[in-house]
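K.L.:
Okay, predicted coordinates and the sequence, questions at the end:
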Amino acid sequence: GEDVEQSLFLSVREGDSSVINCTYTDSSSTYLYWYKQEPGAGLQLLTYIFSNMDMKQDQRLTVLLNKKDKHLSLRIADTQTGDSAIYFCAESTGRRALTFGSGTRLQVQP
Amino acid sequence: DAGVIQSPRHEVTEMGQEVTLRCKPISGHDYLFWYRQTMMRGLELLIYFNNNVPIDDSGMPEDRFSAKMPNASFSTLKIQPSEPRDSAVYFCASSWDSYEQYFGPGTRLTVT
């Protein structure tokens, strides 16, 4: 079955790097995603990675995928207060719809 | 493009009333998804359409929920009759290939 797990909370200081982790169980996942949700807002697609890739970098964001361990991480370099939000990991399989984790609340302290 | 548009943004209704949520997907997107977000269950898929045809409605909670997509630019999610446990944020998302899904701002539904 499909299951995506994340830690609930992460606190970092402004300027530090943040690393948000996610594990998934479905080995047939084709794409893995990171979404950002700010209070009262919808989900913003940050980045995604195809399952045959190990790494993807996009400006301050780096996604690492360890397919053997079914582990996905999102690294945010030079974290800013504007990065404070809930970050959701999600996977898609042939079913097309996304299965989301419970979200990690990132708090950035000035 | 204006992105995915949902209306209303907030809806407060009494138990037993009919509720209709609306969504306008991004132009050119062939896939439309309805998700529900609650504290207890997180984000879960209710139903999705491809080219206006419902493909997977296994997430629809029960017969009180129905969804339609009469054309490529409009979809509705209806709850009749509504119950307090339906209180949640309902998101619509659209995609041209089902992989890059773009979410609307959501409708916060409160059923008293």
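P.N.:
Right, received. Where do you want to start?
K.L.:
helix or strand right after the worst-scoring helix or strand of chain A on mean pLDDT?
P.N.:
None of the helices or strands of chain A scores lower by mean pLDDT, DSSP states H and E than strand A:98-100, at a mean of 90. Reading on from strand A:98-100 to the C-terminus, the next helix or strand found by DSSP states H and E is strand A:104-109.
K.L.:
Check which helices and strands the least confident helix or strand of chain A sits against.
P.N.:
With contacts defined as 3 or more Cβ pairs under 8 Å, 6 or more residues apart in numbering or on different chains; DSSP states H and E, the packing partners of strand A:98-100 are strand A:85-92, strand B:42-50. Heads up, the C-betas are built off the backbone N, CA and C, glycines and all.
K.L.:
Pull the distance from it to the chain's centre.
P.N.:
The gap between where strand A:98-100 is centred and where its chain is centred comes out at 12 Å by Cα atoms, centre = their mean, to the nearest Å.
K.L.:
one step back: could you dump the helices and strands packed on strand A:98-100 into a markdown table with mean neighbour count added?
P.N.:
Below are these laid out as a markdown table (neighbours: other Cβ atoms under 10 Å in any protein chain shown):
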| stretch | mean neighbour count |
| --- | --- |
| strand A:85-92 | 23 |
| strand B:42-50 | 20 |
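K.L.:
any chance of those in a markdown table, plus distance to residue A:45 and mean pLDDT?
P.N.:
Below are the helices and strands packed on strand A:98-100 laid out as a markdown table (distance: least, Cβ to Cβ, whole Å; pLDDT from 0 to 100):
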| stretch | distance to residue A:45 | mean pLDDT |
| --- | --- | --- |
| strand A:85-92 | 10 | 94 |
| strand B:42-50 | 13 | 94 |
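K.L.:
can you redo these as CSV with distance to residue B:19?
P.N.:
Supplementary listing: those in CSV, determined by distance: least, Cβ to Cβ, whole Å:
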stretch, distance to residue B:19
strand A:85-92, 25
strand B:42-50, 14
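K.L.:
and of the ones you listed, who's closest to residue A:51?
P.N.:
strand A:85-92 (8.9 Å; Cβ to Cβ).
K.L.:
Report all helices and strands that that closest one contacts.
P.N.:
Helices and strands touching strand A:85-92, as assessed by 3+ Cβ pairs under 8 Å, 6+ apart, comprise strand A:4-6, strand A:18-24, strand A:31-37, strand A:71-76, strand A:98-100, strand A:104-109.
K.L.:
Which one of those strands has the poorest average confidence?
P.N.:
Lowest mean pLDDT within those: strand A:98-100, at a mean of 90.
K.L.:
ok, and what's touching that strand?
P.N.:
By Cβ atoms under 8 Å, 6 or more residues apart in numbering or on different chains, the residues outside strand A:98-100 that reach it are A:2-4, A:24, A:26, A:33, A:35, A:88-93, B:33, B:42-45, B:101.
K.L.:
same deal with stretch B:21-30?
P.N.:
The list of residues contacting stretch B:21-30 from outside it, by Cβ under 8 Å, 6+ apart, reads B:1, B:3-8, B:11, B:32, B:34, B:50-51, B:72-78, B:90, B:92, B:94-97, B:102, B:104, B:107, B:109.
K.L.:
Alright, calling it a day.
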